[in-house]
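Peer 1: Sequence below, structure please.
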Amino acid sequence: MTTTRKAYLVGGGIGSLAAAAFMIRDGGIPGENISIFEREARLGGSVDAAGDSVKGYSMRGSRMFTFDNYECTWDLFKTIPSLSNAGKSVYDETVDFNNSHQTHARARLVDHQRGIVPVHSMGFSMHDRESLLKLMRVEEESLARNRISDCFAPEFFATEFWLIWATTFAFEPWHSAAELRRYLHRFMLSFSEVDTMAPLKHTIYNQYDSMVLPLKTWLTARGVHFRMNCNVTEFDHKYEDGMFVVTGITYQQLGKAEKTPVNAGDLVFLQNGSMTDASTIGSMTEPPEQRVKSSSGGWSLWESLANGRTQFGNPAVFNSCVALSWWGSFSVTLQDTAFFDAMRAFSGNEAGLGGIITFKDSNWLLTIDIYNQPYFLNQSPSTQVFWGYSLFGDRIGNFVAKPMAECTGADILKELCGHLRFDPDVFNSANCIPCRMPYITSMFMPRLASDRPLPVPPNSKNLGFISQFVEIPEDVVFTVEYSIRAAQMAVYQLLNIKRSIPAVTPHDKAFKTKLEAVMKAFA
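Peer 2: Got it, this is the predicted structure:
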């Protein structure tokens, strides 16, 4: 069956690309039997990066990795060749890069009055420690749709721990307590060095150039079909012995309605929901457009499928409150070294070795990431790029009298200069491109396990779900690992592949890990 059956993937993000690779590598499906439908003109979904040294670079997000917690990611990329290092896999390339570029943050937190804030402790009171331990020990089901703020006193959100943890992983007080609990367990191994960011790793370039592009190249060489600018609007379906079966795919391409039949034995995978749907970018002189739910298109197919079918989840939990799920990022392209030179002198870190820097007294909770250069494959030697974001973009800035949501790229650079107490001349050559993302932390919204479908719902015969909005016990959303694990689970179940999926490593059960975490909490 695997040599003749076809597979259709809706959405061209990292999860779909991974699913296609697993079907070819482990499921015996020829690449030419696989089609990926993507609404945009570019693959990668939320893992994006674009631009050039002249017009400026832009990417919505930036990701960090570990070698200890990304089991499915590295299982895949150990078999995907690097594009820039002949004879090496993407995994090999990443290991080599991090062996020679080891992160040790010397300026993780900054105060605009005092400069670098030494992190001697996590800042916990005994009550904070008790609340943290209580959250980690309760059963997840008992948390229901509780917020993080339901579990801690207000003072907890001013601790060094919260400022570091929240800006490393993008948590906000109104997010899911259950998700924070999962993160505390999943990344307990990193807890003792969370202030130096030593356990967190980076790809050699941005994740589009380092991961998406090599994976796309590998899939293309095996004949996978990419249907770009193709918006899937509906699944024809039927019930067969009580099982939901997709029988056809309706889509719009170049203004024309098309339909692809799904035959017996064929498989369909949907990337349900999108954390970067309705994103907009601005410029040095214009802020990004502020889109709302009516501007969204990435949720409608999931909403249609879930209507009256509780096994397919509850998308409204995640996409109904843009005010609580949005934040803004920005990408800065520089044509001279003035800012990077000033940051090296200020932080004591070479570019790419300091991790992220958070301005703890920033109304926006402004954070920046200074990368190793070049960060783009096509970046000229004279150009430098860094990225940043703010979790509270609806608040008035400290140095700019308006919220980040209304700021141009020039405004954002003015705010950043204020916090660093730098001369504005460091940005004379800068091109700052701001980005607004209405749903960027929508997967963190308080939810029940039943609000997210399983990668293969119980009564689904040929439909699998791949995204940040599926339910995978013990693993954590807002990671590339989550999308790739969901893809591997869905593919292996629908194809009945016997090869074992790498388990979520229980680092939190190790005595040494627990001891080091306790010592850090009481420092």
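Peer 1: What does Val245 show for phi and psi?
Peer 2: phi -130, psi 120 (degrees, to the nearest 10).
Peer 1: If it is in a bridge, with which residues?
Peer 2: Beta-bridge pairing for Val245 (DSSP bridges): Lys238.
Peer 1: Provide a list of residues in contact with it.
Peer 2: Counting by CB atoms under 8 Å, 6 or more residues apart in numbering, Val245 touches His237, Lys238, Tyr239, Lys461, Asn462, Leu463. Placement of C-beta: from N, CA and C, glycine included.
Peer 1: Tell me the spatial nearest neighbour of the first one, not counting adjacent residues.
Peer 2: Distances taken as CB to CB, 6 or more residues apart in numbering put Val246 closest to His237, at 5.2 Å, once the chain neighbours are dropped.
Peer 1: Can you get me a residue count around the one you found?
Peer 2: Residues within reach of Val246, counting by other CB atoms under 10 Å, total 20.
Peer 1: shouldn't it be in contact with Glu234?
Peer 2: No - here Val246 lies out of contact with Glu234, judged by CB atoms under 8 Å, at a distance of 10.2 Å.
Peer 1: quick one: low-confidence ranges for this protein?
Peer 2: 1-2 (pLDDT under 70).
Peer 1: Select the longest helix from it.
Peer 2: Longest helix of the chain, by residue count under DSSP state H: helix 480-495.
Peer 1: list the buried ones in that helix?
Peer 2: Judged by neighbour count (16 or more other CB atoms under 10 Å), helix 480-495 contains these buried residues: 480-492, 494-495.
Peer 1: Ok, stretch 384-399 next?
Peer 2: If you call a residue buried by 16+ other CB under 10 Å, then stretch 384-399 has these buried ones: Gln384, Val385, Phe386, Trp387, Gly388, Tyr389, Ser390, Leu391, Gly393, Arg395, Gly397, Asn398.
Peer 1: With distance to Asn229 and secondary structure as added columns, please give those residues in JSON lines.
Peer 2: What follows is the buried residues of stretch 384-399, written out as JSON lines (distance: CB to CB, whole Å; DSSP: H, G, I helix; E, B strand; the rest coil):
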{"residue": "Gln384", "distance to Asn229": "33", "secondary structure": "strand"}
{"residue": "Val385", "distance to Asn229": "28", "secondary structure": "strand"}
{"residue": "Phe386", "distance to Asn229": "31", "secondary structure": "strand"}
{"residue": "Trp387", "distance to Asn229": "27", "secondary structure": "strand"}
{"residue": "Gly388", "distance to Asn229": "31", "secondary structure": "strand"}
{"residue": "Tyr389", "distance to Asn229": "29", "secondary structure": "strand"}
{"residue": "Ser390", "distance to Asn229": "32", "secondary structure": "strand"}
{"residue": "Leu391", "distance to Asn229": "33", "secondary structure": "coil"}
{"residue": "Gly393", "distance to Asn229": "30", "secondary structure": "coil"}
{"residue": "Arg395", "distance to Asn229": "38", "secondary structure": "coil"}
{"residue": "Gly397", "distance to Asn229": "38", "secondary structure": "coil"}
{"residue": "Asn398", "distance to Asn229": "42", "secondary structure": "coil"}
